[in-house]
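Colleague: have a look at this prediction, sequence included:
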Amino acid sequence: MLNVLKGSFRAFVLLSLCLLLKGCDDHPWNDPYPNEDPRANTLYFAFTERPKHLDPARSYSEPEWGLIGQIYEPPLQYHYLKRPYVLEPLAALNLPDVHYISKTGQDLNADVDPSLVAYTDYIIEIKPNIFYAQHPAFAKDANGQYLYHHLTLEEAEHYHILKDFKERGTREVIAEDYVYQIKRLAEPHLASPIFGLMARYIVGLKELRETLLAAEKNKTGLERDLRDFSLKGVEVIDRYRYRIRLIGKYPQFHYWLAMPFFSPIPWEVAQFYAQAGLEAHNISLDWYPVGTGPYTLAENNPERRMTLEKNPNFRLELYPSEGTASDEGDGFLKNAGKPLPMVDKVIFTLEKETIPYWNKFLQGYYDTSAISSDNFGSSVRFTPSGGLELTEDLKKQGIQLSSYIAPGIWYWGFNMLDETLGGYTEEKRKIRQALSLAFDVEEYVNIFLNGRGVLAGGPIPPDIFGYDVQPKANTVDIDKAKRLLREAGVKEGLTIYFDTVVSGDPDEIANLAWLQKQFTKIGIRLIIRGTDFNRFQEKLQHGNVQLFFAGWHADYPDPENLLFLLYGPNASVKSGGENSTNYSNPNYDALFEKMRAMKDDPERLKVIQEMISILRVDNPWVWGFYPKSFALSHQWVNPRKPHGVADNTLKYISIDPVLRSKKIVLWNQPILWPFWVIAGLILLILLPVILRYWWKEHIPLERK
């Protein structure tokens, strides 16, 4: 009995001491980063979808580019502050030197008729003294031989992670590295998502793919040394310059030069990872990227955590000193002229559920957060003027709200091949116009998106050239819609089918019910045909739909990348393209072909205006909305300007980690009174037993 009492008392004392000592620690009890210095210059983010590919030849999704955009450096980047979006040199010394060439080899003026341009040459000069992050692929012995380029299978078995290679090295980036990566786009086993498009423009890329396929039978499928294969349209001029030759005139190509696809990959890295036995341990470029950017990937655990650390080899790059007229007042120029990157480490933690993500943000453990539908009502509220502002609770925490309109659009599309809704007669146009006038898109945005959208008057979103020439969005006009249907000879009770992906979610059911209501207002019966995603895509591809809902996020900020969604040769049934409505108007197509080769000037604007006018008459879409994104950040995060296109913006973010540490401690004070109450009750229960035992042990025998 004595031992039990002593043990209980000791446990109570030890627990109390632990609580007191923990109270003196910089880490709150609920800190999800117990091994991290709370005052370190570290950013904390969450990610909700694991990246699949980190190889710049294969990666083409937002979660992936959010990581590799900080690691790789293509020739160009988007200016962080300027709007509309503007390209500027990144690894390149200047913007590319562009030459237009005729069929006879003569140089042509930039304003020449595009039909006369046989080839376009992009000459790119890379900045000197750019070095790769430290990597074992560059490590050499005393004789200048690569240490890890000739591993046997037995030796490869000893390496399970990249850190198992003890030696590291680096070298300067040269033009050949950019050429090597362009060749990788043709590698069959890499299946680059942009090969098909680039093969239409880069001279010789298609032929290189065929050559590599023919040589593949002699390989295991791993990467071969592409220096042994020539690419007719891409060549090294000298150490820092290379040339890319395109077929015809394709002005939008310079936007691709700002994407990771065109980042440098040195042959040493490709050959290092191609060694047999390494890929089995995930030692590959898809798992361990090698770049020249401000950060390196220090930890890759996509089921839990991804960590970026500052690249010691990163050259000097400064925060921009100019932007738009309002940037200084908004605080975006506070760090002008300071070296980048501005934080030393970035930790991404996987959060699959919305509620834990949101709670950790409120506790200060994530520096920023998006606003999901689940927490929209507790985050922001509408002002009397129709704007949005933070709730009082978030204002008290010093949380900041920022928003931007994404360069994309959501729309309801009519299948122009359908017997009922398609076609180009006056009657068919009136049917589509009538249906568009019945859609209360503003109500849709307010109910189902909490106001996170701007009504569209055409396919071009804000901050992209051509947006201003579009008319205002359609207003609901039920009487006019009914009149147009009568003029088109449509009788009340017409049945229309809406094809969509369904999951049975309550919000989805409400959404579809709302859609049916829009048609009921004009006497039309809407039947929902739900299916899974793959089946829905198949139906779009074969034109087996009437009405559907779709969206597009621009790959680059040029009107061509939005207007091509309605270009006839891109029709999904005809060519498998992105024109899901199968819209085809010869006048629109001719103007599109003219517009895409023009520079941004009043003449191009005039052509875009003509194209929009044609679309407004034919009405292949119900003009939907441009999605609007909201983001929250804590008071210790300096004002940051949202960017709808660039993926390499982490280097511009700065924080005050000391303020963060103080606020986290303040917001996460432990509630100890229940413990002390329980402890007191335990003592009260044990006290009679303790006193009785003490009495029994210490009272003299003669008094018992």
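Modeller: Sure, I can see it.

Colleague: now N415: closest residue in space that isn't a chain neighbour?
Modeller: V545 (5.0 Å; CB to CB, 6 or more residues apart in numbering). Any C-beta I mention is one placed from the backbone N, CA and C, and that applies to glycine too.

Colleague: would you confirm that that neighbour contacts E538?
Modeller: No. Using CB atoms under 8 Å, V545 is not in contact with E538; the gap is 10.3 Å.

Colleague: between the two, who's got more neighbours?
Modeller: Between V545 and E538, counting by other CB atoms under 10 Å, V545 is the more crowded of the two (25 against 12).

Colleague: contacts only, for the more buried one.
Modeller: N415, D418, Y497, D499, K539 (CB atoms under 8 Å, 6 or more residues apart in numbering).

Colleague: now do stretch 685-704, average pLDDT.
Modeller: If you average the pLDDT over stretch 685-704, you get 65.

Colleague: could you number the chain from 271 rather than 1 from now on?
Modeller: Yes, from this point I'll number from 271; that puts the last item at stretch 955-974.

Colleague: low-confidence stretches in the stretch 521-670 of the chain?
Modeller: 655-656 (pLDDT under 70).

Colleague: I341 should be in a strand, yeah?
Modeller: No. Secondary structure of I341 (DSSP: H, G, I helix; E, B strand; the rest coil): coil, not part of a strand.

Colleague: and it, how many neighbours?
Modeller: For I341, using other CB under 10 Å, the count is 23.

Colleague: now swap in the one 5 residues further on and tell me
Modeller: The number of residues packed around L346, counting by other CB under 10 Å, is 21.

Colleague: now the closest residue to it other than its chain neighbours: which helix or strand?
Modeller: What sits nearest to L346 in space, not counting adjacent residues and going by CB to CB, 6+ apart, is A528, at 4.2 Å. Here A528 sits in a region with no helix or strand, counting by DSSP states H and E.

Colleague: could I get the contacting residues of A528?
Modeller: P344, P345, L346, Q347, Y348, L357, L360, Y826, A916 are the contacts of A528 under CB under 8 Å, 6+ apart.

Colleague: surely N781 touches F718?
Modeller: Yes. At 5.6 Å, N781 counts as touching F718 under the criterion of CB under 8 Å.

Colleague: same for the host helix or strand of K876, what does it pack against?
Modeller: Secondary structure from DSSP H and E places K876 in helix 872-888. Under the contact definition 3 or more CB pairs under 8 Å, 6 or more residues apart in numbering; DSSP states H and E, helix 872-888 sits against helix 696-708, helix 856-865.

Colleague: before we move on, the earlier item: mind putting the contacts of V815 into JSON lines with pLDDT?
Modeller: Shown next, in JSON lines, are the contacts of V815 (pLDDT from 0 to 100):
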{"residue": "N685", "pLDDT": "97"}
{"residue": "D688", "pLDDT": "96"}
{"residue": "Y767", "pLDDT": "96"}
{"residue": "D769", "pLDDT": "94"}
{"residue": "K809", "pLDDT": "94"}
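
Colleague: do a quick rundown of the helices in the stretch 471-620 of the chain.
Modeller: 475-485, 523-526, 537-543 (DSSP state H, counting those that start in this stretch).

Colleague: any idea which element S931 lies in?
Modeller: Remark: S931 resides in helix 927-937, with elements defined by DSSP H and E.

Colleague: now do R962
Modeller: Going by DSSP H and E, R962 is part of helix 943-968.

Colleague: state the pLDDT value of G721.
Modeller: 85.

Colleague: if you drop the residues flanking it in sequence, what lies closest to it?
Modeller: Nearest one to G721, counting by CB to CB, 6+ apart, is V715 at 6.2 Å.

Colleague: likewise for P940?
Modeller: W299 (5.2 Å).

Colleague: OK, contacts around D926?
Modeller: Applying CB under 8 Å, 6+ apart, the residues near D926 are W906, N908.

Colleague: distance of it from L313?
Modeller: Distance from D926 to L313, counting by CB to CB, to the nearest Å: 12 Å.

Colleague: give me the number of residues near the nearest residue to G847 once chain neighbours are set aside?
Modeller: In space, and not counting its chain neighbours, G847 is closest to N840: 3.3 Å by CB to CB, 6+ apart. Counted with other CB under 10 Å, the neighbours of N840 add up to 20.

Colleague: before we move on, what about L475?
Modeller: By other CB under 10 Å, the residues close to L475 number 21.

Colleague: and A412, what helix or strand is that in?
Modeller: Going by DSSP H and E, A412 is not in any helix or strand.

Colleague: OK, contacts around it?
Modeller: Going by CB under 8 Å, 6+ apart, the list of residues near A412 is empty.

Colleague: okay, now the domains of this protein?
Modeller: Taking automatic domain parsing as the reference, the chain has its domains at 272-299+940-973, 322-561, 678-899.

Colleague: in TSV, list the ones you listed along with distance to D600.
Modeller: Listed next are the domains of the chain as TSV, based on distance: least, CB to CB, whole Å:
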stretch	distance to D600
domain 272-299+940-973	32
domain 322-561	10
domain 678-899	16
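
Colleague: hmm, back to that, of the contacts of A528, closest to P958?
Modeller: A916 (71.4 Å; CB to CB).

Colleague: that closest one contacts Q347, correct?
Modeller: Yes. In this structure A916 lies within contact range of Q347 using CB under 8 Å: 6.6 Å.

Colleague: more neighbours: which of these two?
Modeller: Q347 (22 against 16).

Colleague: so what's the more buried one closest to, chain neighbours aside?
Modeller: Spatially, and ignoring its direct neighbours in sequence, Q347 is nearest to L360 (3.9 Å; CB to CB, 6+ apart).

Colleague: ok, now V843?
Modeller: Spatial nearest neighbour of V843, excluding adjacent residues (CB to CB, 6+ apart): G813 at 4.2 Å.

Colleague: least trustworthy helix or strand in this protein by mean pLDDT?
Modeller: helix 272-293 (a mean of 52; mean pLDDT, DSSP states H and E).

Colleague: next, the angle helix 927-937 makes with the next helix or strand after that one.
Modeller: Once helix 272-293 ends, the next helix or strand along the chain (criterion: DSSP H and E) is strand 312-317. When axes from the mean of the first three to the mean of the last three CA atoms, to 10 degrees is applied, the directions of strand 312-317 and helix 927-937 differ by 60 degrees.

Colleague: in the helix holding K876, what's buried?
Modeller: Using 16 or more other CB atoms under 10 Å as the test for burial, helix 872-888 gives R874, L875, V877, I878, Q879, E880, M881, I882, S883, L885, R886, D888.

Colleague: closest one of these to P776?
Modeller: L885 (35.1 Å).

Colleague: who's in contact with the closest one?
Modeller: Per CB under 8 Å, 6+ apart, neighbours of L885: G728, P729, L836, Y858, W891.

Colleague: hmm, try it at 10 Å
Modeller: G728, P729, Q740, L833, L836, Y853, N855, Y858, W891, W893 (CB atoms under 10 Å, 6 or more residues apart in numbering).

Colleague: likewise I371?
Modeller: Residues near I371 by CB under 10 Å, 6+ apart: D377, L378, L386, V387, A388, Y389, T390, D391, R515, L516.

Colleague: okay, those residues in a markdown table with distance to E332, pLDDT and secondary structure next?
Modeller: Output for the contacts of I371, formatted as a markdown table (distance: CB to CB, whole Å; pLDDT from 0 to 100; DSSP: H, G, I helix; E, B strand; the rest coil):
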| residue | distance to E332 | pLDDT | secondary structure |
| --- | --- | --- | --- |
| D377 | 40 | 93 | strand |
| L378 | 38 | 93 | strand |
| L386 | 39 | 93 | helix |
| V387 | 34 | 95 | coil |
| A388 | 37 | 96 | coil |
| Y389 | 34 | 97 | strand |
| T390 | 30 | 97 | strand |
| D391 | 32 | 98 | strand |
| R515 | 31 | 98 | strand |
| L516 | 27 | 98 | strand |
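
Colleague: mind picking the two most distant members of those?
Modeller: Longest distance between any two of these is 16.4 Å, between L386 and R515; criterion CB to CB.
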